[in-house]
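In: Return atomic coordinates for the entry below.
(one chain, ligands or ions: 1)
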Amino acid sequence: MSKDIDWSNLGFGYIQTDKRFVANFKNGAWDGGALVEDANITMSECACVLQYAQTCFEGLKAYTTEDGKVVCFRPDLNAKRMADTCKRLQMPVFPEDKFVEAVEQVVKANIEFVPPYGSGATLYIRPFMFGINPVIGVKPADEYQFRIFCTPVGPYFKGGAKPITIRVCDYDRAAPHGTGHIKAGLNYAMSLYPIVDAHEQGFDENMYLDAATRTYVEETGGANFIFITKDGKLVTPKSDSILPSITRRSLMVVAEKYLGMTVEHRPVAFEEVKDFAECGLCGTAAVISPVGKINDHGKEICFPSGMDEMGPVLKKLYDTLTGIQMGRIEAPEGWIDTIG
Ligand SMILES: *Cc1c(COP(=O)(O)O)cnc(C)c1O
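Out: Model prediction:
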């Protein structure tokens, strides 16, 4: 039975669901964790997360496939990425197999919130962890909470994906040898000023360049870049300060194995960008958002794919990956985690 929700008119906002998973780390060990009803958290005013931002997160989706199953897409990669993030932030790793089990438990406990096939809506799942005990001298917390909640979200693009306009940003997202490659809350805190500024200037997103030389393409605040060359190759930037998007890594496999394309994962100079045929942003939320135009301090790069619709190669990639996710196209081994 589905909840009484108008799925096709859902936005991308938080709706409280019935159950969430909570596990606590104390005295050097995780407890077993449990599903709870309380959506609120009580903690000390001096909790490490509040003072020194010791927190990280993940994001993935559950949805209904064509044949009516509820599935998740590659949750093992979210578990692995969160483990990598926790190590960099001096946080205890939540065991990867337990992470996937907890995701499955949360989806099962909120199964009525999983939108039906064809609605375009999905159940967004948000695992996160934070240091919870009081810390005033700068050091990692001793106690942590790991939680997973979920919230139904509407189709990212109502009425189809329209190309967006982005700008080359004068602020940096991540430094070399910094934290750009992990999913830390702090990477988002510092991106809020530049994104509000971009919106005020009439742009949808920021393109961040490498902080050291400002000559290579990094990513946006929350999505990786993929480019299509005029001869049909997929090119995607490589850098130690880019967050390894699971959508981007999946699209690289789809391009090579399903569509027979050549894939290049390498540093991409901003100078090259004007020569690409198509440009897109990729991430869990939208899968692919087409970019029609890049504004570099008043100088415009307009991609041949234009401002009306997604370019033909990105469209093929989008249709193939969403086809795999929705069970219309056979998935590579281990990509689909069937829950119910
Ligand atoms: C989460 C995130 C992405 C997208 O990753 P997916 O695994 O594809 O959702 C890209 N860039 C940043 C900075 C992110 O935090």
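In: in the protein, which spans are helices?
Out: Along the chain, the segments classed as helices by DSSP state H run 48-52, 75-88, 96-109, 185-189, 192-200, 246-253, 312-325.
In: How about residues contacting the first one?
Out: Contacts of helix 48-52 with the rest of the structure, by Cβ atoms under 8 Å, 6 or more residues apart in numbering, involve 43, 54-55, 130-136, 138, 140-141. C-beta: built from backbone N, CA, C; applies to glycine.
In: ok, those residues vs the ligand, which is closest?
Out: Nearest to the ligand out of these is Thr55 (Cβ to the nearest ligand atom; 13.1 Å).
In: So which of the helices of the chain is nearest Gly28?
Out: When the helices of the chain are compared by Cβ to Cβ, helix 75-88 sits nearest Gly28, at 14.5 Å.
In: Check which residues of the closest one are buried.
Out: The neighbour-count check on helix 75-88 (16 or more other Cβ atoms under 10 Å) flags 75-83, 85-86 as buried.
In: give me the low-pLDDT residue ranges for the stretch 101-250 of the chain?
Out: Counting by pLDDT under 70, the stretch 101-250 of the chain has low-confidence residues at 159.
In: What residues does it have near the ligand?
Out: 183, 219, 222-224, 243, 245-248 (Cβ under 6 Å from any ligand atom).
In: follow-up on the earlier one: okay, the helices of the chain in TSV with distance to Ile336 next?
Out: Formatted as TSV, those follow (distance: least, Cβ to Cβ, whole Å):
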stretch	distance to Ile336
helix 48-52	33
helix 75-88	10
helix 96-109	13
helix 185-189	29
helix 192-200	33
helix 246-253	11
helix 312-325	8
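In: Please tell me which one of the residues of the stretch 101-250 of the chain next to the ligand counts the most neighbours.
Out: Counting neighbours by other Cβ atoms under 10 Å, the top entry in those is Glu219, with 26 neighbours.
In: Test my guess that that residue contacts Arg173.
Out: Yes: with contact defined as Cβ atoms under 8 Å, Glu219 reaches Arg173; the gap is 7.2 Å.
In: what residues are shared contacts of the two?
Out: Tyr208.
In: Going along the chain, name the strands of the stretch 201-340 of the chain.
Out: With DSSP state E, counting those that start in this stretch as the definition, the stretch 201-340 of the chain shows strands at residue ranges 205-207, 224-228, 234-237, 263-266, 278-283, 287-296, 299-302, 336-338.
In: Please indicate which of those has the most neighbours on average?
Out: The highest average neighbour count among the strands of the stretch 201-340 of the chain, using mean count of other Cβ atoms under 10 Å, belongs to strand 278-283 at a mean of 27.
In: mean confidence score for it?
Out: Averaging pLDDT along strand 278-283 gives 97.
In: who does that strand touch, helix- and strand-wise?
Out: For strand 278-283, the packing partners by 3 or more Cβ pairs under 8 Å, 6 or more residues apart in numbering; DSSP states H and E come out as strand 224-228, helix 246-253, strand 287-296, helix 312-325.
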